[in-house]
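In: starting from these lines, generate the structure:
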Amino acid sequence: MSRQDAENQPQLQPSTLAAQSVPFERHDALGPRVRVVLAALAVAAASRAEAHHWDWAYADQGHAMPVESWELSSAECQACVTQTSGAAPDSAAFQQCINSQIAAAQGDPTKTWCKPQPLISRPPNPDPNACLAGDEITSEADFQGATGQCLPNFTEKMAAISDPAARYSKASCCLQYEIGPHQVALGKQPWRGYQLTFGPYFMRQGVNDEFSIGYAMLPNDANLDADTITAGSLQTYEYMIGFEFWQYKGSHHFIMDDLLGPYNDPARPRGSCTAADVCDAGDSPDVCAQKTSDCQTFQNLPSTCPASGANVDPSQNDANSPACHSTMQGFPLAGSPGPSYFPVPYPDGVGIKIARNHIFRMTHHLQHWFDPQHAQVWINVYTLPAKRTDASQNLVESVSKEAHVFFDGSASAFLIPPHTIGHTQGLWVTPRNIELYGLTFHSHKRSLLVDADLVGVDGNPKALPLRTYKYSHPYCGGLSGCSGGDLSTCDLSRPPMHLYESTDWSDHEQCPYWREDADANGNSDNDTEGAILIKQGEGIRYECWVNNGVLPFQALVGAGVMSPEEAEQQARLRPYMLAAQSVPLQPHDAFGHVVRGKFSCEEIPGVVPGFPAAGALGYYGNRPCLPDVLKGVDPSQDLLSTDRAEAIAVGGVAAECDPTAQWHQFCNPEGYCSPSSFPFEGNYTGKCVPASIGFAETEDDEMCILLGLYAFTNDDLVPSPIDRPPTDVGR
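Out: Sure thing, here's the model as predicted:
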């Protein structure tokens with residue numbers, strides 16, 4: 001094929017297998033196909049290279065820690081060490097060995113390779129014991145500026161300290177000064193902080209997805225006891241005002257759930273779980289006994305199912321095990337959608353109530369076909385006391401508004417057939433007037449684009465508010481390059497198309513609208529001026545675009561028509577077609593490798609595997625697979641032989657699809673079946689076939705979830721009968 005043929009290829013009709021890379025088709029949430037014009041696909045568009053919108057906000061304030069070394073646990077890694085005579089992991093020889101292993105293992109779940117697994121230097125810790133004598137930061141001059149040991153450029157300064165223990169100490173000293181004396185220097189109330197951990201544990205070899213669960217208790221007894229003395233009355237809560245997460249690359253997501261119910265309720269401290277603590281005056285002895293038992297079970301969760309310690313292992317901390325069971329509904333209070341470092345500060349004067357000995361449920365999800373994955377998460381939780389002294393020496397609440405989090409999955413009822421591009425929509429409606437502080441998304445590896453728009457009470461899109469703040473950005477619904485809020489200074493050549501948009505599934509944009517304005521010195525401000533106002537009954541409509549095996553431009557690379565770089569450029573929609581940025585049409589995993597469509601073991605002859613939504617409930621899980629003829633083959637070589645092309649189109653025999661093995665519909669892999677559904681089961685056919693993508697937590701399926709942080713406005717209307725939707729959490 002000539003280069004001119006390649007330019008024309010996207011306009012061909014899908015008549016042969018080779019033309020399968022051509023059609024750009026999408027399906028709505030119910031399955032009907034919708035044809036999308038292809039002409040623009042041949043136009044090269046610059047890939048996104050600019051920094052995330054939120055990078056500016058943390059350039060001088062974030063605590064991203066440098067990589068210390070690589071995890072060399074697998075036999076393949078040890079082989080590279082031997083072959084290179086102990087060369088450093090970042091040496092050319094070691095890199096060449098790794099690249100050879102990656103090429104040999106591409107697409108093969110039975111093979112392992114030595115991957116660069118960063119060992120994060122221990123993140124800075126707010127615990128005073130972490131700051132060693134001699135490393136203390138005692139003044140603003142020590143903290144920042146020309147003689148600053150911490151800012152600007154925290155990460156680079158910490159990386160310059162070669163000894164890990166010394167680096168940890170200095171970073172912790174910097175953090176402790178920042179949340180304490182530095183806040184006082186700014187005329188603000190000093191913070192306090194706690195560091196929680198999840199893990200460490202190793203992901204088992206040969207497992208595609210792994211899910212681990214545990215519970216942790218916030219150790220805030222001493223602080224609340226001190227608050228009680230200061231206030232002269234019992235203090236049962238404090239306010240969470242921000243958090244930071246650190247986790248290893250390969251982590252798919254991490255969620256810190258609040259457990260809703262009486263035992264985490266700041267208005268009703270549980271104390272020691274005696275009858276006096278939990279029972280009401282009118283409770284019968286049986287009811288009182290049950291409440292006492294439930295409270296004790298709840299209180300014991302951090303020890304029966306811990307988030308950190310020797311027994312934190314997915315095989316022991318199974319989500320369905322009695323030790324990890326809680327009858328209380330959990331809801332995401334904080335979390336990281338994937339990046340190695342994820343900071344989320346709240347605006348000044350905004351916080352979420354956290355009770356004494358508050359118990360969090362930690363859930364961690366990793367994804368890898370390859371060698372055992374070292375997993376650990378660190379969480380810094382920052383708080384303020386419930387009360388502060390105002391100018392008149394009166395005790396008042398430390399924050400003026402309670403924050404709420406929404407976690408909306410109303411777009412979950414989708415099913416994307418093989419060889420199609422699917423499109424699904426969700427809608428979150430606010431029951432009251434709100435200030436929206438920030439948005440982000442969660443999706444999986446075949447996600448191409450996620451976006452969100454404001455809608456009115458009639459459900460129709462609303463015009464975006466004019467955002468001309470110093471740090472506004474087209475990916476977050478604003479204009480860029482603005483000075484002093486003057487529209488004439490903005491870059492009008494790049495208007496926004498959506499309130500939110502992102503094309504990087506493994507590191508989605510975080511749009512901190514409240515940080516877009518600046519203070520008198522031109523620096524990012526911490527007030528809520530930049531928040532987006534949404535009236536009662538209005539909402540946010542969002543959508544996700546997912547590619548399930550369409551447009552394998554990599555096949556043109558294999559045919560010698562295009563270089564990989566050219567294919568990456570060609571397989572994109574130009575800016576301002578679907579989004580303000582160019583949109584990739586080839587999905588990639590977290591390490592940049594092109595991803596094929598979903599394959600699953602065939603369960604019923606001729607029936608495409610996949611079921612909408614049920615996967616997310618743990619009641620239905622297709623067995624992931626890859627046809628044997630595609631194992632060890634780079635996707636660019638998929639169409640170079642008849643047997644491979646046939647496998648891409650209709651599937652083929654796969655060793656993992658053992659015909660003597662049994663599958664269970666509406667049952668999870670551990671054999672737990674939905675109590676409301678009759679188990680439907682049978683034997684696999686032995687064939688691995690293209691499968692439909694549904695809504696599920698595994699990386700082979702998809703999620704389309706919108707997350708946001710908000711508070712009710714001061715001019716709030718009378719609340720609706722539902723104070724907040726079931727997708728929201730907050731006290």
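In: doesn't residue 380 fall inside a helix?
Out: No - note on residue 380: no helix contains this position according to DSSP: H, G, I helix; E, B strand; the rest coil, which reports strand.
In: not counting its neighbours along the chain, what's nearest it?
Out: Of all residues beyond its chain neighbours, the one nearest residue 380 is residue 244 (4.5 Å), with distances taken as Cβ to Cβ, 6 or more residues apart in numbering. Every C-beta, even on glycine, is put in place using the N, C-alpha and C of the backbone.
In: distance of that neighbour from residue 378?
Out: 8 Å (Cβ to Cβ, to the nearest Å).
In: list the buried residues of the helix or strand the residue nearest to residue 380 falls within.
Out: Following DSSP states H and E, one finds residue 244 within strand 237-247. Along strand 237-247, these residues count as buried under the neighbour rule (16 or more other Cβ atoms under 10 Å): 237-247.
In: for stretch 519-537, same thing?
Out: In stretch 519-537, residues buried by neighbour count (16+ other Cβ under 10 Å) are 524-526, 528, 530-532, 534-537.
In: then stretch 141-154?
Out: Under the neighbour-count criterion of 16+ other Cβ under 10 Å, stretch 141-154 has 142-144, 148-151, 154 buried.
In: same check on stretch 277-291?
Out: Of the residues in stretch 277-291, 278-279, 291 count as buried by neighbour count, 16+ other Cβ under 10 Å.
In: would you turn the buried residues of strand 237-247 into JSON lines with distance to residue 182 and pLDDT?
Out: Written out in JSON lines, the entries for the buried residues of strand 237-247 read as follows (distance: Cβ to Cβ, whole Å; pLDDT from 0 to 100):
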{"residue": "237", "distance to residue 182": "25", "pLDDT": "94"}
{"residue": "238", "distance to residue 182": "20", "pLDDT": "96"}
{"residue": "239", "distance to residue 182": "19", "pLDDT": "96"}
{"residue": "240", "distance to residue 182": "19", "pLDDT": "96"}
{"residue": "241", "distance to residue 182": "15", "pLDDT": "94"}
{"residue": "242", "distance to residue 182": "14", "pLDDT": "91"}
{"residue": "243", "distance to residue 182": "18", "pLDDT": "90"}
{"residue": "244", "distance to residue 182": "16", "pLDDT": "88"}
{"residue": "245", "distance to residue 182": "22", "pLDDT": "88"}
{"residue": "246", "distance to residue 182": "21", "pLDDT": "85"}
{"residue": "247", "distance to residue 182": "26", "pLDDT": "81"}
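In: now residue 685: how far from residue 605?
Out: 6 Å.
In: between those two, point out the one with more neighbours.
Out: residue 685 (18 against 8; other Cβ atoms under 10 Å).
In: where in the stretch 301-450 of the chain is pLDDT low?
Out: Counting by pLDDT under 70, the stretch 301-450 of the chain shows low-confidence ranges at 310-321, 338-339, 367-374.
In: the strands in it, which residues?
Out: 330-336, 341-345, 350-355, 359-367, 373-385, 387-389, 395-397, 401-402, 404-408, 415-416, 420-429, 434-442, 447-455 (DSSP state E, counting those that start in this stretch).
In: and among these, the most buried is which?
Out: The highest average neighbour count among these, using mean count of other Cβ atoms under 10 Å, belongs to strand 415-416 at a mean of 26.
In: ok so, going back, taking the buried residues of stretch 519-537 together, which two end up most distant?
Out: Taking Cβ to Cβ, the two most distant members of these are 524 and 537; they sit 32.0 Å apart.
In: correct me, but residue 701 touches residue 692?
Out: No - under the contact definition of Cβ atoms under 8 Å, residue 701 does not touch residue 692, with a separation of 9.1 Å.
In: which residues are common contacts for these two?
Out: Common neighbours of residue 701 and residue 692, using Cβ atoms under 8 Å, 6 or more residues apart in numbering, are residue 598.
In: thinking again about what came up before, quick check: the residue nearest to residue 380 touching residue 123?
Out: Yes - counting by Cβ under 8 Å, residue 123 is a contact partner of residue 244 at 7.4 Å.
In: name the nearest residue to residue 417, ignoring sequence neighbours.
Out: For residue 417, ignoring the flanking residues on the chain, the nearest one in space by Cβ to Cβ, 6+ apart is residue 692 at 5.1 Å.
In: enumerate every residue touching the one you found.
Out: Taking Cβ under 8 Å, 6+ apart, we find residue 692 in contact with 415-418, 548, 598, 608-611.
In: same thing with residue 482?
Out: With contacts defined as Cβ under 8 Å, 6+ apart, the neighbours of residue 482 are 468-470, 472, 489-490.
In: and with 6 Å instead?
Out: When contacts are counted by Cβ atoms under 6 Å, 6 or more residues apart in numbering, residue 482 touches 468, 489-490.
In: likewise for residue 564?
Out: By Cβ under 6 Å, 6+ apart, the neighbours of residue 564 are residue 557.
In: let's see it at 10 Å
Out: For residue 564, the residues meeting the contact criterion (Cβ atoms under 10 Å, 6 or more residues apart in numbering) are 553-554, 557, 594, 636.
In: what's the closest of these to residue 166?
Out: Proximity to residue 166 was ranked across the contacts of residue 564 by Cβ to Cβ; first place goes to residue 594, at 41.9 Å.
In: tell me how many other residues crowd that closest one.
Out: 23.
In: name whatever forms a beta bridge with it.
Out: The residues listed as beta-bridge partners of residue 594 by DSSP bridges are residue 588.
In: quick check: it touching residue 636?
Out: Yes - shown here, residue 594 and residue 636 form a contact pair, counting by Cβ atoms under 10 Å, at 7.7 Å.
In: in the stretch 51-200 of the chain, which ranges drop under the pLDDT threshold?
Out: When the per-residue scores of the stretch 51-200 of the chain are filtered using pLDDT under 70, the ranges that remain are 51-77, 88-90, 105-121.
In: all strands for it, in order.
Out: All strands of the stretch 51-200 of the chain, identified by DSSP E, counting those that start in this stretch, fall at 67-70, 118-120, 192-203.
In: output the last one as CSV, nothing but the C-alphas.
Out: Translated: strand 192-203. Taking C-alpha atoms only, strand 192-203 is exported to CSV below (Å, rounded to 0.1, in the frame of the first residue of the first chain):
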residue,chain,number,x,y,z
ARG,A,192,-2.7,19.0,61.3
GLY,A,193,-2.2,15.8,59.4
TYR,A,194,-2.2,12.0,59.6
GLN,A,195,-0.5,9.5,57.3
LEU,A,196,-2.4,6.3,56.6
THR,A,197,-1.0,3.4,54.5
PHE,A,198,-2.5,0.6,52.5
GLY,A,199,-0.2,-2.4,52.0
PRO,A,200,2.4,-3.3,51.2
TYR,A,201,1.5,-6.5,49.3
PHE,A,202,2.4,-8.2,46.1
MET,A,203,0.0,-8.8,43.3
